[in-house]
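>>> Here is my input, please return the structure:
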Amino acid sequence: MSVIEAIVLGLIQGLTEFLPVSSSGHLEIGHALFGLDGGENLKFDLLLHGATVLSTIVVFWKDIIGLIAGIFKFRWDDNNKFVAKLIISAIPVAIAGFLFEEEIENMFSGNLIFIGAMLLITAILLSIANYAKKGIREIGFWDALLIGIAQMIAVTPGISRSGATIATGMIIGNDKTNLAKFSFLMVIIPIVGANFLKILSGDFSAGSSSVGLIPMIAGFVTAFIMGLLACKWMINIVRKGKLIYFAIYCAAIGLIAIFAA
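Alright, predicted model coming up:
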């Protein structure tokens, strides 16, 4: 992988991670266009996801510090209930990662027809959420589990993680004002955990990957910077509820991917 290719993929990841258009699907399309090796793609993609998680931490650093500080008050208050909901939401994807790691990795094979079909599913989900009745409920524990299941399903390339989680919350009647924040914070636990395990296994060392250290750094920095911009943008978009435009976009890209395969 060249530095230019790494930067382009970092741009794709940073711009699409927080938008409901499936960053994994776009990365797979990018890999196919560049003719990159599938085995190394997943490691590099996980690194890019780590970069956008870091941008999430930067955007919500005050909230995160407040949540962590609240834990040590040892009270069953709104703060610790919110933390508990975040943990609950991470359980489904953690289980899927441990039990079906190989099956999940096999989905990242550059199959444009499959990716296009999943993008069409994302488009349908976003369309349903866009016209769903406006919700007023706070996110409950069962809601957190359902949203977590949506995140688990969204490990499939082409299914948008932010789109699936936010749309699920809107469909079940949650207040969309808090959905974006919850959706972005809930990804921190599984992605940080996955990156930590990869670091321990040595998968991110320069010698263990054909990607190379410089492209890895270039992609990471690019994804982080663009992630900062996209995260703030997506928060405003969710509050305004204009998901239909992203549904149209996903449908168009999905069809293009299918017919280009």
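
>>> which sections of the protein are below the confidence cut-off?
Counting by pLDDT under 70, the chain shows low-confidence ranges at 37-41, 194-211, 238-239, 241.

>>> Now residue 174. Its backbone dihedrals?
With angles defined as degrees, to the nearest 10, residue 174 sits at phi -80, psi 150.

>>> The strand or helix carrying residue 236: which residues count as buried?
Take DSSP states H and E as the rule and residue 236 turns out to sit in helix 213-240. For helix 213-240, the buried set under the neighbour-count rule, 16 or more other C-beta atoms under 10 Å, comprises 215-216, 218-220, 222-224, 226-228, 230-231, 234-235, 237-238. For glycine as for every other residue, the C-beta is placed from the backbone atoms N, C-alpha and C.

>>> Which secondary structure elements does that helix sit against?
Using 3 or more C-beta pairs under 8 Å, 6 or more residues apart in numbering; DSSP states H and E as the contact criterion, the neighbours of helix 213-240 among helices and strands are helix 3-16, helix 38-59, helix 176-186.

>>> Name the secondary structure element that contains the closest residue to residue 157 other than its chain neighbours.
Nearest in space to residue 157, with sequence neighbours left out and distances taken as C-beta to C-beta, 6 or more residues apart in numbering, is residue 24 at 4.2 Å. Assigned by DSSP H and E, residue 24 belongs to helix 23-34.

>>> relative orientation of that helix and helix 38-59 in degrees?
140 degrees (axes from the mean of the first three to the mean of the last three C-alpha atoms, to 10 degrees).

>>> Now do the SS call for residue 19.
What DSSP: H, G, I helix; E, B strand; the rest coil gives for residue 19 is coil.

>>> Quick check, central residue of this structure?
For the chain, the residue whose C-alpha lies nearest the mean C-alpha position (C-alpha atoms, centre = their mean) is residue 161; its distance is 4.4 Å.

>>> so how far is residue 151 from that one?
The spacing between residue 161 and residue 151, counted by C-beta to C-beta, to the nearest Å, is 6 Å.

>>> shared neighbours of these two, which are they?
The overlap between the contact sets of residue 161 and residue 151 (C-beta atoms under 8 Å, 6 or more residues apart in numbering) consists of residue 187.

>>> count of neighbours near the residue nearest to residue 157?
26 (other C-beta atoms under 10 Å).

>>> residues in contact with it?
45, 108, 155, 156, 157, 158, 159, 161.

>>> and what of residue 247?
By C-beta under 8 Å, 6+ apart, the residues touching residue 247 are 122, 123, 124, 126, 127, 130.

>>> give me that answer again for 7 Å
The neighbourhood of residue 247, defined by C-beta atoms under 7 Å, 6 or more residues apart in numbering, consists of 123, 126, 127, 130.

>>> what's the answer for residue 99, then?
For residue 99, no residue counts as a contact, taking C-beta under 7 Å, 6+ apart as the criterion.

>>> State the distance from it to residue 106.
For residue 99, the distance to residue 106 equals 14 Å [C-beta to C-beta].

>>> still on that earlier bit, and the residue found closest to the residue nearest to the centre of the chain once you drop the neighbours it is linked to in the chain, backbone torsions?
If the residues on either side of it in the chain are set aside, residue 161 comes closest to residue 154, at 4.1 Å by C-beta to C-beta, 6+ apart. Backbone torsions of residue 154, given as degrees, to the nearest 10, read phi -80, psi 0.
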